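Undergrad: pasted the sequence and its predicted model underneath.
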Amino acid sequence: MSVAVLLGLALVALFATSGLLDREALRDAVEAQIRAVSGLEMVVNGDIEVSVFPASHVSFHDVDLKSPGTDGPALRAAVLTGNLRLLPLLLRRFEIADIVLSRPNIRIDRAADGSSNWTPFIDTLTHTMRPGADNPMSFSEIRLEDGEISYLDAASHAAETIGKIDLSLAWPSISRTFAATGQFDWRGERLDGSISVNDFLAALSGERSGLKVRIAGAPLKLAFDGAIANRASLMLEGTLSADAASLRNALRWAGQEPPGVGGFGPFALKARASVVGPQVALTNVNIELDKNVAEGVITYANNGRQSLQATLAAGALDFTPYLSTIRLLASGARDWNRQLFDLGAVNPIDLDMRMSAAKLTIGSSTLGRTALGANLRGGTLALSIGEAQIYGGIAKGSFGISRSDTVADVKAQFQFVDVDLMACASDLFGVRKLSGRGNLTVALEASGSSPFGLAQSLDGTASLTGHDGAITGFNVEQLLKRLERRPLSGGGNFRSGQTPFDTLNIGLRFHDGVATAEDIRIEGPAARISLTGTASVPAREFDLKGTASLASVAGAPPGFDLPFVVQGPWDDPLIFPDPESLIRRSPASAPLLDAVKDRKTRDAVRSVLERFTGQKKAEPDAAITPPAEAEPKPN
C-alpha cells in the first residue's frame, strides 16, 4: 500500500474521529496526564477548545495548577494547550505530545526550613521518572510564552520577579537529560539563558548530576560547567566564568551600588567554584578588573548578611581609577575641594581582603612590593599597609573612615622610613621645595562632610627628620654673608638658589586645622635655621617667624643672625628678612634709627626738614591741642 493511500486513510479517520470525539473524556485524560506527570492538580476556570484538524490540540482557558495540600495555585496560565499525538488519537486514545503555557504566572514560595510550595511537584517527578513507575512520562516538551516567575524567600526576605519568559523545556520522556533554553527579562535587562542537566532523575533525587548553565546579556555573561547535588543542602562544583564590559553596571544591575564614580570597568573572572548552601568558595581564581590581573581565592557567604573574603596576589596594580574619585584639592590646586561627600549609599556587604603586589600605582606615586589589607563592616572602612616600598624607602600604617549621617570620620597613622623627601612631601603635602632623605611619622584624625571640612577639623601630630638634603627657593648662606657686609643692600634675588642641610627636624601639632610648630630646626654646613609659628591647613598658608644664622668657626666672632618671616601659600610662600634688624646692622643707619626714637632729636630733625621744605609740621600733640593760625606767607 502506497504512502498516499495511507495518508488518505488517516485523513478520513481523522475527520471521522472529530465528529465522534468525547470531549469530556478528552478533558479527563489531559487532566490525568498532567497530574501524573507534574503532581499538580489542574483547575479549569474558563472555556475549553478542542481541535482535531488541521492541528490536534485541546486548549484550557484560565487554568490554575497547584500542589495538593497547598493554598493557592503554584502556577496560573491564561491558556494551557496540550498538543495531541496523532496516531493514538486515531485509536481514540488521548496522549499529550507537548504542552504550551501562554502567559503563565509561576509562584515560588520558599519557607524558612528550605521547603517550598513546589516540593510536592519535585517529589512526584522523582517518583514518576523512576524505572518501572506506574505513570511513565507522556509528553516530551513544555513551552512557556510571555511568562512570569515570582520568587519569595521567607528566610532572607528576598523577592525577585522574572518576566517575559519565552522558554522551551526539553522534557526527559525518553532520555534522562533535561534542558531548557530561551529568553527572559530580569531587573530591566533581556537575557539569553540555557540550562542542561545530564541526569534529571538523579538531580531530582538530590544525587550528583552534571550541570551546565549559561546566561548572557548586556550586564554580564556567566557560565557554569560542573555538577549539582542536593542532599542536605544545595551543592555545586565546577568551573565558573564571568565577564562584563562594566562591572559597575553589572553590580548596579545585581542590586549592589559600587563606591565612587571611577573604576570598576572591564571585568573577567575564571575560577574553580564550590557552592554549599549559602556559601561560595572560589579557588584557582584568575580575575581581571580595569586591566589589573590577580590570582588567589575568594569566598562569599550570605548568612543573614553578605560577606566577602579574598586573598589575592598580583604582579602590577593600578589603583588610580578608584582613588581619583576622592579629589582632595579643587581644580585650582590652591584650595581644598568643598564638594560634599556622597555618604548616602550603605554597602550591605562585609569585606575582608588581603592583597599583595610587586608594583602598585596610585596616581603619580609608584610603590614597590606592597602588602595591603582592607576591611569594610557596617559602613566603616579600614585600610592597612603591612609594608610597602615607596619613595625609595618603606611605609606602613593604617587608614580608617566611618560615617555618621553626612559626616565622615577619618583616622590615619602612617610611618615612612628612609624615604625620598622630595617625592614624599610633594605627593602628601604639595610641597616641592624639599629634598634629601628622612623619616616621617603622621597621626591625624578629622571629621567633615567634605575635604575642606576635614582640613578645618584636623587634629594630631606629625614629625619629620631629614638629612643630607636642601631647601629650594633661597640660599641662606649667600644672603647672610651679603647682608653681613652691607645690611641695607637689599636681599637681591632672595628667592633663588637652595640651602643645603645636614639635619632637619620638624615637629608639628594640629588642632582644628592649625599646625603649630613645636620644633623646627635646620642645620647645614654653613648656616642654621630655626622657626616658630603656625600654618593654616584650610587656607594652605604659612605664618612663621624664624632666625637664620651663619655657622660660627672656632675662635672666630659669633656668626651673623638674621630674623626673617615666612608667609603666604604653601607652594609659593614669601620669605623676607626683618627690616629693623637690617637697619640696626648698618653703621650709618643705626644712629638715625635711635635718633628718631628720641623726641628731642626727632624735633631737631623735623626743624631742619621744615627749613629745607619751607613748611612747618604740626606739633606732636596737635591732635589734642588746636593748632595756631598759620602766619601769612610773605609776598
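TA: On my side now, so go ahead.

Undergrad: now the helix or strand containing Val442: how far from the chain's centre is it?
TA: Per DSSP states H and E: Val442 is located in strand 434-448. Centre-to-centre, strand 434-448 and its host chain are 26 Å apart (Cα atoms, centre = their mean, to the nearest Å).

Undergrad: what does stretch 62-77 give?
TA: 44 Å.

Undergrad: on that earlier part again, show me what the strand holding Val442 is packed up against.
TA: Packing contacts for strand 434-448, counted by 3 or more Cβ pairs under 8 Å, 6 or more residues apart in numbering; DSSP states H and E, involve strand 407-420, helix 421-429, helix 451-456, strand 459-472, strand 498-511. All C-beta atoms are positioned from the backbone trio N, CA, C, and that covers glycine.

Undergrad: partners of that strand in the sheet?
TA: Strand 434-448 pairs in its sheet with strand 407-420 (antiparallel), strand 459-472 (antiparallel), by DSSP bridges.

Undergrad: which of the helices and strands packed on strand 434-448 has the lowest average pLDDT?
TA: Mean pLDDT is lowest for helix 421-429 among the helices and strands packed on strand 434-448, at a mean of 83.

Undergrad: tell me how far stretch 109-121 lies from the chain's centre.
TA: A distance of 37 Å separates the centroid of the chain from that of stretch 109-121, by Cα atoms, centre = their mean.

Undergrad: can you name the element that comes right after the helix or strand of the chain with the lowest mean pLDDT?
TA: Among the helices and strands of the chain, helix 3-20 carries the lowest confidence by mean pLDDT, DSSP states H and E, at a mean of 48. With elements assigned by DSSP H and E, the helix or strand that comes after helix 3-20 is helix 23-38.

Undergrad: quick check: buried residues in the next helix or strand after that next one?
TA: Using DSSP H and E, the next helix or strand after helix 23-38 towards the C-terminus is strand 41-44. Of the residues in strand 41-44, Glu41, Met42 count as buried by neighbour count, 16 or more other Cβ atoms under 10 Å.

Undergrad: please report phi then psi for the nearest residue to Ala112 once chain neighbours are set aside.
TA: Nearest residue to Ala112, sequence neighbours excluded (Cβ to Cβ, 6 or more residues apart in numbering): Ala155, at 4.5 Å. As for Ala155, its main-chain torsions (degrees, to the nearest 10) stand at phi -70, psi -50.

Undergrad: give me every residue that touches Ala155.
TA: Each residue near Ala155 by Cβ atoms under 8 Å, 6 or more residues apart in numbering is listed here: Arg110, Ala111, Ala112.

Undergrad: what residue is smack in the middle of the protein?
TA: Closest to where the C-alpha atoms of the chain average out (Cα atoms, centre = their mean) is Pro259, at 3.3 Å.

Undergrad: read off the pLDDT value for Ala517.
TA: On the pLDDT scale, Ala517 gets 93.

Undergrad: that one against Asp543, yeah?
TA: No: the criterion here is Cβ atoms under 8 Å, and Ala517 misses it with Asp543 at 10.0 Å.

Undergrad: which one of the contacts of Ala155 sits closest to Leu191?
TA: Nearest to Leu191 among the contacts of Ala155, counting by Cβ to Cβ, is Arg110 at 21.9 Å.

Undergrad: which residues does the closest one form beta bridges with?
TA: Note on Arg110: beta-bridge partners by DSSP bridges are Ser116, Asp153.

Undergrad: mind pulling up the pLDDT for it?
TA: pLDDT at Arg110 comes out at 83.

Undergrad: number of nearby residues for it?
TA: Arg110 is flanked by 18 other residues according to other Cβ atoms under 10 Å.

Undergrad: and it, how close does it get to Leu234?
TA: Distance, Arg110 to Leu234, using Cβ to Cβ, to the nearest Å: 12 Å.

Undergrad: can you check Asp62 too?
TA: Distance from Asp62 to Leu234, by Cβ to Cβ: 35 Å.

Undergrad: could you pull up the mean pLDDT of stretch 270-282?
TA: Averaged over stretch 270-282, pLDDT sits at 94.

Undergrad: that stretch: how far from the chain's middle?
TA: Its chain's C-alpha centre and that of stretch 270-282 lie 23 Å apart, by Cα atoms, centre = their mean.

Undergrad: renumber starting at 34 from here on
TA: Sure, I'll start counting at 34 from here, so that last one is stretch 303-315.

Undergrad: first-to-last residue distance for it?
TA: Start-to-end span of stretch 303-315 (Cα to Cα, to the nearest Å) is 9 Å.

Undergrad: which residue ranges make up each domain of this protein?
TA: Under the assignment automatic domain parsing, the domains of the chain span 34-207, 222-348, 491-624, 629-661.

Undergrad: weakest of those by average pLDDT?
TA: domain 629-661 (a mean of 51).

Undergrad: tell me the secondary structure for Phe374?
TA: What DSSP: H, G, I helix; E, B strand; the rest coil gives for Phe374 is coil.

Undergrad: tell me who's in contact with it.
TA: Residues near Phe374 by Cβ under 8 Å, 6+ apart: Thr439, Ala441, Ser482, Ser483.

Undergrad: can you report how many residues neighbour the second one?
TA: Okay, so that is Ala441. Ala441 - counted by other Cβ under 10 Å - has 19 other residues nearby.

Undergrad: now do the contacts for it.
TA: Here Ala441 is in contact with Phe374, Leu376, Ile434, Ser435, Ser480, Gly481, Ser482, Leu487 (criterion: Cβ under 8 Å, 6+ apart).

Undergrad: confirm for me that the third one is in contact with Asn408.
TA: The reference is to Ile434. No: Ile434 is beyond contact range of Asn408, at 11.5 Å (criterion: Cβ under 8 Å).

Undergrad: so what's Thr344 bridging to?
TA: Thr344 has these beta-bridge partners by DSSP bridges: Val330, Arg387.

Undergrad: count the residues that sit near it.
TA: Residues near Thr344, counting by other Cβ under 10 Å: 16.

Undergrad: I'd like to know how far it sits from Gly329.
TA: Distance of Thr344 to Gly329, computed by Cβ to Cβ: 5 Å.

Undergrad: same thing with Asp323?
TA: Distance, Asp323 to Gly329, by Cβ to Cβ: 17 Å.

Undergrad: so between the two, which is more surrounded?
TA: Gly329 (20 against 17).

Undergrad: residues in contact with the more buried one?
TA: Residues near Gly329 by Cβ under 8 Å, 6+ apart: Val318, Ala343, Thr344, Leu345, Ala346.

Undergrad: JSON lines for these, including distance to Val309?
TA: Listed next are these as JSON lines, based on distance: Cβ to Cβ, whole Å:
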{"residue": "Val318", "distance to Val309": "17"}
{"residue": "Ala343", "distance to Val309": "18"}
{"residue": "Thr344", "distance to Val309": "19"}
{"residue": "Leu345", "distance to Val309": "22"}
{"residue": "Ala346", "distance to Val309": "25"}
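
Undergrad: buried ones among those?
TA: Buried by 16+ other Cβ under 10 Å: Val318, Ala343, Thr344, Leu345, out of the contacts of Gly329.

Undergrad: the residue nearest to Gln511 when sequence neighbours are not counted: what's it in contact with?
TA: In space, and not counting its chain neighbours, Gln511 is closest to Gly530: 6.4 Å by Cβ to Cβ, 6+ apart. Applying Cβ under 8 Å, 6+ apart, we find Gly530 in contact with Thr505, Gly506, Phe507, Asn508, Gln511.
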